[in-house]
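Student: give me a 3D structure for the following:
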Amino acid sequence: MSDTSTNPSTNPTDGKPATDNRRRMRTDARFRRLCVGIATISVLVLVLLLASILYQGIPALSWTLLGGTPEPEPTDAGMFPAIMGTIWICTLCAAITLPIGVATAVLLEEFKPRTKIAAWFYSVIQLNISNLAGVPSVVYGILGLTAFVSMFSFFGNASKPGQAAWEVGATYYDQFTNLGSDPFLTMGEEVDERYFLVPVENRADPPTVPADGMKAFENDGDRLVPVEVHVVDTMGELPTDPEVLSASIDSAAVPGRISEKSWYYFQLPLGRGVLAGALTLMLVILPVIIISTQESLRAVPSSLRDGALGIGATPWQVVWHVTLPSAIPGIMTGSILAMSRAIGETAPILIIAGIVYIRTAPQHLMDSYTVMPLQIYNWTSRPQEDFHQLAAGGIIVLLGILLSFNAIAVVIRQRMQKPLS
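Tutor: Modelled structure (predicted):
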């Protein structure tokens, strides 16, 4: 029997010196140590940053921060409008983007074209989606400003604030102040200051003083109550009765035009409201969701599709009952990454909203808003150290909202993954 250890064909070194193998092993070990070192340094930097934020931000966490509004004094400042604006924007963005992104990926992956022209068209779409995933977010902000805020100027100058070309759910009033607000006319009489609202039939009409007997309203808490208003010429004789004087307005008064908007208020063009901001963020994360969904669909074994088709299922039934449920875990992972990017975006929102200081939370889809990254930026740009602590506390709240969105996606992913496994 021959000794195989001396046979070059069976020698593990294949005829090469043993020192070459040892050199490769040392190189491999050094490369592994380099990778571990880089990863360790990255994790340590992240831990230090989080520790610094927690150290500065935890003392600033309070109900005032969560439920208050922006104020000049740090002790009274809060970020409730920014929190609600972030929740509105992210929820609406996810509700719009996920169905569109998943449907686009299903069309590109599961329903392949059969003609050359259609295949060329699909390839152009795929190329554009891949390129859009790397476009800077500020570019999407400019695109959203053109496409959603002004809608390519299809409505002329109607994109200016308060000049919507078409709207529903809004009621306009001319607001008048009673004569009791002018101490020179009341000659020292103590008359309560009151505000009267006169409905406007056509918002394009200029503000005018109503004639006697015209319907007017007065705010009584959260509701409007009818009131009789007297029109008085201040150049003549004024009423001597304080009650009549309290319910009188000047015939030469110039009212202010105000509006009352319902929760379902909608306008065209969209203006700088919540819906325009959500659609702009949709453009930012839509390519990411489409690409991640495509990769998840490609990871589904083809044997599942062939088996479903073999028992007589239609292509759509295969997609709905087999392919999509199998790809849900990957789709949710991509959605988590996309929403994590959307919740921290600042440039497109700054271009669309154009508002950093706002004291009210959004009430409808067309309402003005601000988001937490803008509020945090506003606080960090101030010289006072107290505002920097508030910014650190805002970062903690922002991370909490982000983790909440991610937790919901993880729960959905786990629940969809268990039946398949």
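Student: rest of the way, CA atoms for contacts and neighbours
Tutor: OK.
Student: tell me the centre residue of the protein?
Tutor: A centroid search over the chain (Cα atoms, centre = their mean) returns I89, at 2.5 Å, as the residue closest to the centre.
Student: ok, it - contacts?
Tutor: The neighbourhood of I89, defined by Cα atoms under 8 Å, 6 or more residues apart in numbering, consists of V274, L275, G277, A278.
Student: next, the buried residues of the one helix or strand it maps to.
Tutor: Counting by DSSP states H and E, the element that carries I89 is helix 80-110. Using 16 or more other Cα atoms under 10 Å as the test for burial, helix 80-110 gives 80-90, 92-94, 97-98, 100-102, 104-106, 108, 110.
Student: re earlier: separation between the residue nearest to the centre of the chain and P113?
Tutor: Going from I89 to P113 by Cα to Cα, to the nearest Å gives 36 Å.
Student: and what of S335?
Tutor: For S335 relative to P113 (Cα to Cα), the value is 27 Å.
Student: of the two, which one has the most company?
Tutor: S335 (25 against 15; other Cα atoms under 10 Å).
Student: average pLDDT for the strand or helix carrying the more buried one?
Tutor: Assigned by DSSP H and E, S335 belongs to helix 324-343. Helix 324-343 carries an average pLDDT of 87.
Student: do stretch 280-292 as well
Tutor: Model confidence over stretch 280-292, given as mean pLDDT, is 93.
Student: pull the CA atoms of that stretch into PDB?
Tutor: Provided in PDB are the C-alpha atoms of stretch 280-292 (Å, rounded to 0.1, in the frame of the first residue of the first chain):
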ATOM      1  CA  THR A 280     -43.800  64.400  -0.700                       C
ATOM      2  CA  LEU A 281     -42.400  61.900   1.900                       C
ATOM      3  CA  MET A 282     -44.100  59.200  -0.200                       C
ATOM      4  CA  LEU A 283     -41.900  60.200  -3.100                       C
ATOM      5  CA  VAL A 284     -38.800  59.900  -0.800                       C
ATOM      6  CA  ILE A 285     -39.500  56.400   0.500                       C
ATOM      7  CA  LEU A 286     -41.500  54.800  -2.400                       C
ATOM      8  CA  PRO A 287     -38.400  53.600  -4.400                       C
ATOM      9  CA  VAL A 288     -37.100  51.900  -1.200                       C
ATOM     10  CA  ILE A 289     -40.300  50.100  -0.500                       C
ATOM     11  CA  ILE A 290     -40.600  49.000  -4.200                       C
ATOM     12  CA  ILE A 291     -37.100  47.600  -4.300                       C
ATOM     13  CA  SER A 292     -37.300  45.800  -0.900                       C
END
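Student: out of the contacts of I89, who's the most crowded?
Tutor: Going by other Cα under 10 Å, G277 tops the contacts of I89 with 33 neighbours.
Student: and the pLDDT for that one?
Tutor: Looking at G277, its pLDDT is 93.
Student: can you pull the contacts of it?
Tutor: Per Cα under 8 Å, 6+ apart, neighbours of G277: I89, G144, P348, I349, I352, A353.
Student: from those residues, which single one is nearest P207?
Tutor: Proximity of the contacts of G277 to P207 (Cα to Cα) peaks at A353, which lies at 28.8 Å.
Student: tell me, how many residues neighbour the closest residue to that closest one other than its chain neighbours?
Tutor: The spatial neighbour of A353 that comes closest, neighbours along the chain excluded (Cα to Cα, 6 or more residues apart in numbering), is R272 at 5.3 Å. By the criterion of other Cα under 10 Å, R272 has 26 neighbours.
Student: state the helix or strand in which R272 lies.
Tutor: Using DSSP H and E, R272 is not contained in any helix or strand.
Student: spit out the contact partners of it.
Tutor: V149, I352, A353, G354, M366, D367, S368.
Student: and if you look at E167?
Tutor: Y265, F266, Q267, L268.
Student: re the thing from before, quick check: angle from the helix holding I89 to helix 324-343?
Tutor: If you take axes from the mean of the first three to the mean of the last three Cα atoms, to 10 degrees, helix 80-110 sits at 140 degrees to helix 324-343.
Student: in the helix or strand following helix 80-110, what's buried?
Tutor: Later in the chain than helix 80-110, the nearest helix or strand by DSSP H and E is helix 116-132. Using 16+ other Cα under 10 Å as the test for burial, helix 116-132 gives Y122, Q126, I129, L132.
Student: next one: the first one from I100, what distance?
Tutor: Here Y122 is placed at a distance of 16 Å from I100 (Cα to Cα).
Student: wait, D367 sits on L270?
Tutor: No - with contact defined as Cα atoms under 8 Å, D367 does not reach L270; the gap is 10.0 Å.
Student: with neighbour numbers in mind, choose between those two.
Tutor: Using other Cα under 10 Å as the criterion, D367 and L270 rank with L270 on top: 24 against 20.
Student: what about the residue nearest to that one when sequence neighbours are not counted, how many residues nearby?
Tutor: Distances taken as Cα to Cα, 6+ apart place V149 nearest to L270, at 5.2 Å, with adjacent residues excluded. Residues near V149, counting by other Cα under 10 Å, number 25.
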